[in-house]
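S.K.: what follows is a predicted protein model with its sequence.
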Amino acid sequence: MSLFFVQYTYAPDKSAQRDDHRTDHRAWLSDLERRGTLHSYGPFADGSGALMVAEASNLDELRSFFDQDPFARANLLEQVTIREWIPVFGAFAR
């Protein structure tokens, strides 16, 4: 399994719509956490987006998970950046 950073950049003009989908979005995140796919997640302090640390077999599998996010399905994200990460030290190092 590989670790990935997933960074969301929110579409600034869709803040109210994100509020409408936030409960479903957080339930979806909680489900991924329960399944061991998502290790950490949260919004940036300035409200511009969010960062998640996720685990998957490969990039395609991870993208298929994140395509199901209620924010993504409602087209509320300006950009999604996914990068594989190889931690050497710290809590995520293996």
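M.R.: Arrived safely, thanks for sending.

S.K.: what sits against V80?
M.R.: Neighbour list for V80: 6-9, 66, 72 [criterion: CB atoms under 8 Å, 6 or more residues apart in numbering]. Every residue, glycine included, has its C-beta placed from N, CA and C.

S.K.: ok so it is a helix residue?
M.R.: No. Counting by DSSP: H, G, I helix; E, B strand; the rest coil, V80 is located in no helix; its state is strand.

S.K.: quick one: the strands in this protein?
M.R.: Using DSSP state E, the strands of the chain run over 2-10, 38-43, 49-56, 77-85.

S.K.: closest one to L32 among those?
M.R.: strand 38-43 (3.9 Å; CB to CB).

S.K.: so what strands line up beside that closest one?
M.R.: Applying DSSP bridges to the sheet, strand 38-43 is found paired with strand 49-56 (antiparallel).

S.K.: pull the contacting residues for F65.
M.R.: F65 makes contacts with 32, 37, 54, 56, as judged by CB under 8 Å, 6+ apart.

S.K.: likewise E78?
M.R.: So E78 contacts 9-12 (CB under 8 Å, 6+ apart).

S.K.: between these, which is closest to P43?
M.R.: The closest of the contacts of E78, once distances to P43 are taken by CB to CB, is Y10, at 8.5 Å.

S.K.: got the phi/psi numbers for G36?
M.R.: Backbone geometry at G36, expressed as degrees, to the nearest 10, gives phi 80, psi 10.

S.K.: could you name the helices and strands sitting against the helix ranked longest in the chain?
M.R.: Ordering each helix of the chain by length in residues (DSSP state H) puts helix 15-34 first. When contacts are defined as 3 or more CB pairs under 8 Å, 6 or more residues apart in numbering; DSSP states H and E, helix 15-34 packs onto strand 38-43, helix 70-73.

S.K.: what's the average pLDDT for that helix?
M.R.: For helix 15-34, the mean per-residue pLDDT is 95.
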